[in-house]
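S.K.: Okay, predicted coordinates and the sequence, questions at the end:
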There are 4 protein chains.
Amino acid sequence: MGARETIQVTGHLMDSGILSRVLDDIRDYGGDFVIEEFDVGHDARDASSARITITAPDDESLQRLLMRLQTRGVNQLPHGDAAVARSDRDGVLPDGFYATTNLETQVRLAGQWHDVVNPEMDCGLVVEESATGDVRVRTVPMSDVACGMRIVVGAAGIQVTVPEPGLSTETVAAFAGDHGAERPQTVLVRQVADGMRHARAGGKRLLWVAGPGVVHAGGVPAMVTLVRAGWVDVLFAGNAMAALDIETALYGASPEGSSQPAHEHGHEHRVRAVNTIRRAGSIERAVHDGVLTRGVMHALVTSGKRFVLVGSVRDDGPLPEAHTDVIEGQRTMRGEIQDVGYCLMMATQLHAVATGSLLPASVPLVCVDINPAMVTRLADRGTGQGRGIVTDVGLFLEQLALELVADYRRD
Amino acid sequence: MGARETIQVTGHLMDSGILSRVLDDIRDYGGDFVIEEFDVGHDARDASSARITITAPDDESLQRLLMRLQTRGVNQLPHGDAAVARSDRDGVLPDGFYATTNLETQVRLAGQWHDVVNPEMDCGLVVEESATGDVRVRTVPMSDVACGMRIVVGAAGIQVTVPEPGLSTETVAAFAGDHGAERPQTVLVRQVADGMRHARAGGKRLLWVAGPGVVHAGGVPAMVTLVRAGWVDVLFAGNAMAALDIETALYGASPEGSSQPAHEHGHEHRVRAVNTIRRAGSIERAVHDGVLTRGVMHALVTSGKRFVLVGSVRDDGPLPEAHTDVIEGQRTMRGEIQDVGYCLMMATQLHAVATGSLLPASVPLVCVDINPAMVTRLADRGTGQGRGIVTDVGLFLEQLALELVADYRRD
Amino acid sequence: MGARETIQVTGHLMDSGILSRVLDDIRDYGGDFVIEEFDVGHDARDASSARITITAPDDESLQRLLMRLQTRGVNQLPHGDAAVARSDRDGVLPDGFYATTNLETQVRLAGQWHDVVNPEMDCGLVVEESATGDVRVRTVPMSDVACGMRIVVGAAGIQVTVPEPGLSTETVAAFAGDHGAERPQTVLVRQVADGMRHARAGGKRLLWVAGPGVVHAGGVPAMVTLVRAGWVDVLFAGNAMAALDIETALYGASPEGSSQPAHEHGHEHRVRAVNTIRRAGSIERAVHDGVLTRGVMHALVTSGKRFVLVGSVRDDGPLPEAHTDVIEGQRTMRGEIQDVGYCLMMATQLHAVATGSLLPASVPLVCVDINPAMVTRLADRGTGQGRGIVTDVGLFLEQLALELVADYRRD
Amino acid sequence: MGARETIQVTGHLMDSGILSRVLDDIRDYGGDFVIEEFDVGHDARDASSARITITAPDDESLQRLLMRLQTRGVNQLPHGDAAVARSDRDGVLPDGFYATTNLETQVRLAGQWHDVVNPEMDCGLVVEESATGDVRVRTVPMSDVACGMRIVVGAAGIQVTVPEPGLSTETVAAFAGDHGAERPQTVLVRQVADGMRHARAGGKRLLWVAGPGVVHAGGVPAMVTLVRAGWVDVLFAGNAMAALDIETALYGASPEGSSQPAHEHGHEHRVRAVNTIRRAGSIERAVHDGVLTRGVMHALVTSGKRFVLVGSVRDDGPLPEAHTDVIEGQRTMRGEIQDVGYCLMMATQLHAVATGSLLPASVPLVCVDINPAMVTRLADRGTGQGRGIVTDVGLFLEQLALELVADYRRD
């Protein structure tokens, strides 16, 4: 084992399970370790701290292992400066680039620590200097790399902070342990409502990510109410969700007790609905022209709220506002996550995963779906900053509207 | 093909899909058919009717096929009398016995049609004569067969009636097609509430079948409210559901936001709870003695409602009221289904399937679970008389209590 | 009811369930019907035929209903010519456009029937005339509509053919009924192998659609073997599947018994793998340069097989070959489905649904996934031309390789 | 906090996650803690050890917490003798009884440590003295408690041993983390085969627990082969599995490509099959009389292997060998688990949970099902001694037979 490095890990190491994941990582990357020092807090409220020397077969493995460990909030000791290399080609990061997490990150350059402006997963870090010599470090997605950019390489000189326990410890546990329908659901609804109130009270924006299941499950009336009452600032969705909402607005749902659910009316209704909006020029125009008179998209337009639609390979049309270029769509989403203080994901997988990567870990994130696999999938992505609730999206929205909107009554 | 018989099938043949299932059956049993006459109604409201001659390789196959077809409501023409054979051994039906459905059934004996008193699935039919010569035909489960009983054999002289469309057509469709979370859930809750109101208004009893998921999902407060308000006349459950309800009543659920759901407290709490009730002598006694002071079982006892608990191989204890002999348990359940006019199954599979077999097809039956597989499983059993709702049991009960109990408020 | 029209439906009406779905459609679109004539075949092998007069509230509803019914293979009688309107705007179909199915379709113009060249779902039909006056009718997706195109409107003069029973009847039934793991799985593997042999023997190409689950489930060795033996002509996939395959090829999977599955190595490995390929310029280049030396993508390149990768909103990178514009991606997929004679979809949802829309209904299509919901989702799309198999993708591929490649041995 | 106690926990505390679960337990039971000493091993192979003082509101809570912690392998320090109380009533344990785990357990009485003879979950511990004064401690299920028995109460003087890492660490991880279909399935099959070979080589018996899904998934030929080749010593199942196996043996499965799976033939076939066996007197008799000539039950009888069938509330019949009394059934199962060295659970939930409670934690246990929820359910029960594999049972058995039986050929 030629390469070695000493790391420091601090926090509620044992009850958060972080330490055990760190040791797993070391083994999985073919490394080994010696625990130099272990300071365990004396009582339940103390943080503990460990200093661990890691060895790996070669320096490249070691660097990759160190970068991996930073996704757990584990930092290298002693810190020197970060290394930087120039990218030699558009859209390609230099070899050995530091792959980001969405945790709060600091980079040390010339002895100074710089906060990464916009933490996001799976990006590079670009170092920029203004005319006045101010240094700024920000994430850059691979596709936005330009030749000549100065990119951080290796794991040295980088410090990552895992969110404090409190909200997030509980969150982690919820995510890890109870995506069986095992917790009183009404309590969960109330906790979500509280989280949203808290974010709004702090002047933060509320981001929703929704899939077509919201419409299928009958969640439109509740969601429209929530939009109008100011509980949705921006919606991320695919073409399918918006198209189904508009189809239902234009052609209606099946009558009660019908043997066929609304969306089965056929696809035919869907493509007609999309064509109608394309004829109008845009969803916004269709609302202003009186073509589209109800539904979630209508409520967003009339309430002056924002939405980002990004297409996918199975789309018909798509709707004029839908980005057909997915990388362009990601850029637009990135532009909308500033000041987001709470994120609610409803019945969506693709856009939930995409949003989970873009959002800083510090933003509380709740993911609601009737399918436990969806929640597991989301958990797979990150460092467990989300909370999953396996429940019926329609009834969840109904309860959430009852919580948040005083005079909400089901008609 | 040596054996042949002519059958008659009447009803909304095409839109109910019955005819296509009949033809499938014929093929699957190795038979063949000729359609002699087909009278299709002229407009959407007319019933249609077909006369079909069936051939089969031999008489035994033909008889089995004919019995199979009766599960579809297809009867033989012309009707002679039913054949009867004596059972020659306790607990064993004669060869060629007629295996029942839970549809309304009539048996022709000596030129007279007799209603089967208690339609139930997978039984034999026993013919009994009173001292005054009155003939009665009733279902008999295999285990209750006594040597010497007169049992109907073959399919001749038996007439089965499939429930009229209306409620049931819609029901069948719902069951076959949309156990995806595809229908506005609040509408479904209202339909269930209406069905329960209708049954109660008609003087019928309301049967619930519940699994531990009702407790896990936080449904206890809503269910207790419904019991007290008279919306539960009898509960069928396993030892597990009652034990979890009692455990939660005795030891409490986890505090909000705890990282561990209540039932994880350990099994240890479960066995203590069961032991406590065993010490008291019975659930009823534990309530009267003030040992058990809340929860669903408590509400049933204090409201004078009935319950039947039947054990299973994985039970601890079990609770004193739980039947450890499953056949004995079935008998007790059978005794409780008289006058049931609506059946609601919540988060249960084993007891739901058991109850579905015992209940006549004419009793509306709704099955609520977050797991689509459970619904499919139940559908597998019968002639599609149930309706499945894939949703969150906790939120469903919450909404149902809001519908049915005027002053129900979530605390 | 002001508008009326007479339709003709022929086929195995009762056992295929088509007639019951037709009557459901009529009700759902607010129409009514009278059955004018019903000719039921006399024995099990005869087709039956019905003439039905449909009424609807107004002509627009009637036209939409008639178009809907054509998705069931129901045609209008008597046939006049199809009506045609010019599109007045790029990317927008004229009002009342005929929305296509992926069934074989004919259009009558000037008394002549013309086959639609490339049946595809949810498109318009454009009528083109060559310099020599030859008329051609082909599908056009909404986004490819150009101002001035002559587009078919309404349902008159259009004839749609539902595939004959035989393969497809069985297929429909399989799809509707048994996506519970209820059929001997080895038999299903053999049927798939037979279908692929049959297609290849007929000179047809074999299309695969695969998701990352193929790699997760350990299916790479079997799939590589099948690619090399000529059982994969073209692969449709997303960036995620190709990136995971390449990541595993470059960084290896976890050792046996490791506590962490390969893909958990972190996203970090994924982005490095993608960056490596971007540096090489393309997957193909990476193979030729010796950077990528194994895996499914490597096998496709070295065997001279084709692949189409289409990106999605959650992608990192993406890989150079991945289309970032989804509409452009659809166009490329469309170009690859010529002469496809069998389609196998493995562990994929998004690309499966997309491909299902593009493929003519006449191409046998099998969809394999461990998640029953995926199969249901696909079934939702079309007229039931696919077969779903709920099983483990890894073991399925293992068995398929054993069936198709004589000397395949698990190492 | 009036009550306090010092505990000792030793092992791979951090990477096994045990310590974090211990701290969670303390909080959930309303207790608090101070870590007195923490000795962390220096390198990856060292065990660590902690001495923790726990406080709880009162002694009863403390005792319960201590008992709970023993399910994690955490023992009290210093050890005095265990306390013992006499049961005062049949079928009821004394208050404060020690509720067992299925881990290796020792009890200290009069300064001597005694091994618990048959570790089993959720029982009491009875202390028995022979005529010669030999002391024996064994588990006693609640229903077998007799008045006057000497039962251990409280947590003092009890020592529990968590299985060493190695097999079990890997097992725990597999169970906790990857019941997504994320691991190369063929590797898992091989690991199971190795486990079975190892157990048999050590002279241990192989226990199978199977549900009807084994038959539905086409696993009968593979399982029959495995029975004959000596890879099944005893089978635990319900009436349903055995009845379906016998039904298929007597009436055959559907022909290939049939639109209806075998078991749909109707329930009618099931009840006839059961009646046939009841007429024969028993399954064994039916085999000897030539009535039953194939299938899993036939193979067990002709190979002289054992089986235990325990009924449930939804059973028809049941089969003569099926225990209708579930407590009696548990007793019979208990009698069969001696010398079991490997347990394979296939497509079963109820019997899997039951067996998981009865089996000592030291027996390797693998649970195979296509439904991830089943695996989660099983994990819920114990201290994570099982391994779950989410896969297709039919293909899994096919591969297992290929691994274990040299000349196994399909068809």
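M.R.: Arrived safely. Numbers count the residues shown, from 1 in each chain, chains lettered A, B, ... in the order given.

S.K.: got the buried residues for stretch A:278-287?
M.R.: A:Arg278, A:Arg279, A:Ala280, A:Ile283, A:Glu284, A:Ala286, A:Val287 (16 or more other Cβ atoms under 10 Å in any protein chain shown). In this view, the C-beta of every residue, glycine as well, is placed from N, C-alpha and C.

S.K.: chain center to that stretch: distance?
M.R.: Offset of stretch A:278-287 from its chain centre (Cα atoms, centre = their mean, to the nearest Å): 30 Å.

S.K.: contacts for it?
M.R.: With contacts defined as Cβ atoms under 8 Å, 6 or more residues apart in numbering or on different chains, stretch A:278-287 is touched by A:242, A:246, A:276-277, A:289, A:291-293, A:297-298, A:301-302, A:317, A:319-321, C:89, C:91-92, C:95, C:142.

S.K.: Just the buried residues of those residues.
M.R.: For those, buried by 16+ other Cβ under 10 Å: A:242, A:246, A:276-277, A:291-292, A:297-298, A:301-302, A:317, A:319-321, C:91-92, C:142.

S.K.: gap between stretch A:305-312 and the chain center?
M.R.: 15 Å.

S.K.: nope, stretch A:293-312 is what I was after
M.R.: 20 Å.

S.K.: and it, how far apart are its ends?
M.R.: Stretch A:293-312 has an end-to-end distance of 26 Å (criterion: Cα to Cα, to the nearest Å).

S.K.: Please determine whether it lies in contact with chain C.
M.R.: Yes: under the criterion of Cβ under 8 Å from any Cβ of the partner chain, chain C is reached by stretch A:293-312 at A:Val310, A:Gly311, A:Ser312.

S.K.: Buried among those? Need that as a selection in ChimeraX.
M.R.: Selection of buried members from the residues of stretch A:293-312 next to chain C for ChimeraX, criterion 16+ other Cβ under 10 Å:
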select /A:310,311,312
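
S.K.: and which of the residues of stretch A:293-312 next to chain C is nearest C:Val135?
M.R.: Here the nearest of the residues of stretch A:293-312 next to chain C to C:Val135, counting by Cβ to Cβ, is A:Gly311; it sits at 33.3 Å.

S.K.: for chain A, which residue is closest to the average position?
M.R.: A:Gly356 (1.8 Å; Cα atoms, centre = their mean).

S.K.: separation between A:Asn101 and chain D?
M.R.: Rather than Asn, residue A:101 is Thr. Applying Cβ to the nearest Cβ, to the nearest Å, the value for A:Thr101 to chain D is 20 Å.

S.K.: make that A:Leu404, sorry
M.R.: A:Leu404 is 30 Å from chain D, by Cβ to the nearest Cβ.

S.K.: ok, that residue - how many residues close by?
M.R.: Residues lying near A:Leu404 (other Cβ atoms under 10 Å in any protein chain shown) number 21.

S.K.: which residues touch it?
M.R.: A:Ala193, A:Met196, A:Arg197, A:Leu226, A:Ala229, A:Trp231.

S.K.: What is the nearest of the residues you listed to A:Met345?
M.R.: Lowest distance from A:Met345 to the contacts of A:Leu404 (Cβ to Cβ) belongs to A:Met196, with 13.2 Å.

S.K.: so the closest one touches A:Val340, yeah?
M.R.: No: counting by Cβ atoms under 8 Å, A:Met196 stays clear of A:Val340, with 11.7 Å between them.

S.K.: Need the overlap of contacts for the two.
M.R.: Counting by Cβ under 8 Å, 6+ apart, the residues touching both A:Met196 and A:Val340 are A:Leu206.

S.K.: Helix, strand or coil: sort out A:Thr6 for me.
M.R.: Assigned with DSSP: H, G, I helix; E, B strand; the rest coil, A:Thr6 falls in the strand class.

S.K.: my guess is it contacts A:Glu37, does it?
M.R.: No: using Cβ under 8 Å, A:Thr6 makes no contact with A:Glu37, being 9.9 Å away.

S.K.: related to what we said a few turns ago, if we check chain B, which of the contacts of stretch A:278-287 are in contact?
M.R.: Within those, nothing lies near chain B by Cβ under 8 Å from any Cβ.

S.K.: and A:Leu244, what does it touch?
M.R.: A:Pro212, A:Val215, A:His216, A:His263, A:Arg270.

S.K.: What pLDDT is listed against the third one?
M.R.: Looking at A:His216, its pLDDT stands at 88.

S.K.: Now do it against chain D, distance only.
M.R.: 22 Å.

S.K.: Could I get the phi/psi values of that residue?
M.R.: A:His216 adopts backbone torsions of phi -60, psi -40, taken as degrees, to the nearest 10.

S.K.: burial measure for A:Trp113, as a count.
M.R.: There are 14 residues near A:Trp113, going by other Cβ under 10 Å.

S.K.: do the same with A:Gln8
M.R.: 17.
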